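Please work out how this folds:
(one chain, ligands or ions: 2)
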Amino acid sequence: MTLTLDRPGILGWLRETDGARLEELWRAADGVRRAHVGDEVHLRGLVEISNHCLRQCAYCGLRADNREITRYRMTADEILACAKQARDFGYGTVVLQSGEDEGLTRDGVADIVRRIKGEVGVAVTLSLGERTLDELRAWREAGADRYLLRFETSNPDLFSRMHPPRPGKRPARMDLLRALAPLGYEAGSGVMIGLPDQSYEDLANDLDLFRELDLDMIGVGPFIVHPATPFGKAGPAQPGRQVPATELMTYKMIALARLLCPDANIPSTTALATLNLDEGRELGLQRGANIVMPNLTPPEYRALYAIYPAKACIRETADLCNRCITGRIHKLGREIGRGPGASPNLRRRHKTAGFERVTTRPRGLGRP
Ligand code: SAM
Ligand code: SF4
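Ligands and ions are numbered 1, 2, ... in the order given. Got it, this is the predicted structure:
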């Protein structure tokens, strides 16, 4: 069955409320997921390495102005221990995520990446915010495979209200995002759904931008209000225009992203599990997603990485998260993916550009 995915068709699906019609969307997305990325669910071990942040994002609890949280930064040895745990659980990738933290220096992060690649041997994804091209190049040369940087919304007015540039600097996010693939990274991006004043047209534009950027990874999750942020105090939105920050809208975006970017890796996110702990992750996986990111952050830091309140699983240990998530995936009749789990998109791009493997460096960047 082919669905109409021109602009009116996409807007129709984004506004669809009929359960039987939506079943068609879920079925189509699940079929495309199976045909393009298979039944394997790849696990990426998430390590939240620092909650220091110098930015003032209007939506996020880690913003610099939030004095209500205790800040931490993990040591290199603590991060290495988490990466070893990822390998021991059979995960092919470790994702190092943080606020925009200048305490995580170019050389410090490069050393950590080099040690993970040398001593542990898993793929490394970085998600450390807007960093300089020099830093991104150094981390790629040290062996980092992927970089995640959500553009958050394709609406430039909304973006400038919610993600002000650093004082005296130009907005950098889109330029950095476009620089990732030429540096040899697998490029990941994504958006939040249900931001104040976000419209259905904005979401349709987000989907267009996913396609235009030829992303290897696409992460979409509901916006969750944090009371200690400017967006936690936002006034009432215009009814009819405002996209709701719901599970249903998130599934629709996952399904449409899968149909429009069939080869991308798409996670079923923690934010989705936060809205529906019983089956949010499972429904994401049945409606187009093929990735889950079990949390490996040590329990003493987990609760401090409070980007939004009541985050799913903040009190669990890595071992419990691993058993819970693998059990849920097996119950769906899906397999756990082995190896780094690069997107077929990247393999196609590398073939045309003369690359061979996910860990192979692009020509011209040299050896680590
Ligand atoms: N600092 C890096 C950055 O901004 O790219 C990486 C860490 S940041 C916490 C990771 C993602 O969390 C952001 O890209 C954003 O989409 C998401 N996030 C932040 N606050 C959120 C909120 N209140 N609700 C849902 N997602 C949120
Ligand atoms: Fe910092 Fe990222 Fe949160 Fe913005 S979204 S405040 S950059 S951690």
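
how much space between the residue nearest to residue 102 when sequence neighbours are not counted and ligand 1?
Ranked by C-beta to C-beta, 6 or more residues apart in numbering and with sequence neighbours excluded, the top spatial neighbour of residue 102 is residue 54, at 6.5 Å. C-beta coordinates here come from the backbone N, C-alpha and C atoms, glycine included. To ligand 1, residue 54 is 10 Å away according to C-beta to the nearest ligand atom, to the nearest Å.

Just the pLDDT at residue 54, thanks.
In this prediction, residue 54 carries a pLDDT score of 96.

What are the boundaries of the helices in the chain?
7-15, 19-37, 76-89, 106-115, 133-142, 156-162, 173-183, 200-213, 247-260, 270-275, 280-286, 299-302, 318-331, 344-353 (DSSP state H).

elements contacting the longest one?
Spelled out, it's helix 19-37. For helix 19-37, the elements it packs on are helix 247-260, judged by 3 or more C-beta pairs under 8 Å, 6 or more residues apart in numbering; DSSP states H and E.

list the buried ones in the helix it packs on?
By neighbour count on 16 or more other C-beta atoms under 10 Å, the buried set for helix 247-260 is 247, 249-260.

do the same with stretch 230-250
230, 231, 237, 242, 243, 245, 247, 249, 250.

which residues does the fourth one contact?
By that I understand residue 242. Applying C-beta atoms under 8 Å, 6 or more residues apart in numbering, we find residue 242 in contact with 194, 196, 197, 198, 199.

Enumerate the residues of the chain near ligand 2.
53, 55, 57, 60, 62, 63, 99, 100, 129, 307 (C-beta under 6 Å from any ligand atom).

Nearest to ligand 1 among the buried residues of helix 247-260?
In terms of C-beta to the nearest ligand atom, no member of the buried residues of helix 247-260 lies closer to ligand 1 than residue 250, at 10.4 Å.

Just the pLDDT for that closest one.
The model's pLDDT for residue 250 equals 97.

Just to check, it is in contact with residue 273?
No. Judged on C-beta atoms under 8 Å, residue 250 makes no contact with residue 273 at a distance of 10.9 Å.

Among the helices of the chain, which comes closest to residue 46?
helix 270-275 (7.9 Å; C-beta to C-beta).

what helices or strands is that closest one leaning on?
Using 3+ C-beta pairs under 8 Å, 6+ apart: helix 270-275 touches strand 217-222, helix 247-260, helix 280-286.

buried ones in that helix?
For helix 270-275, by 16+ other C-beta under 10 Å, it's 270, 271, 272, 273, 274, 275.

which stretches of the stretch 151-300 of the chain have low pLDDT?
Applying pLDDT under 70 to the stretch 151-300 of the chain flags the ranges 234-237.

Could you list the contact residues of it toward ligand 1?
Going by C-beta under 6 Å from any ligand atom, the residues of the stretch 151-300 of the chain near ligand 1 are 152, 192, 221, 223, 224, 226, 271.

Give me the neighbour count for the residue of the stretch 151-300 of the chain found nearest ligand 2.
Closest residue of the stretch 151-300 of the chain to ligand 2, C-beta to the nearest ligand atom: residue 163 (6.7 Å). Neighbours of residue 163 under the rule other C-beta atoms under 10 Å: 20.

Ok, residue 292 next?
Other residues lying near residue 292 total 27 when counted by other C-beta under 10 Å.

can you pull the contacts of it?
Applying C-beta under 8 Å, 6+ apart to residue 292 gives the contacts 41, 42, 43, 44, 267, 268, 281, 285, 325, 329.

mind checking pLDDT for the nearest residue in space to residue 115 that is not next to it in sequence?
Among residues not flanking residue 115 along the chain, residue 80 sits closest, at 5.8 Å (C-beta to C-beta, 6+ apart). pLDDT recorded at residue 80 is 98.

re earlier: what's the farthest-apart pair in the buried residues of stretch 230-250?
Taking C-beta to C-beta, no two of these sit farther apart than 230 and 247, at 24.6 Å.

From residue 40, how far out is residue 279?
20 Å (C-beta to C-beta, to the nearest Å).

what residue is smack in the middle of this structure?
residue 219 (4.1 Å; C-alpha atoms, centre = their mean).
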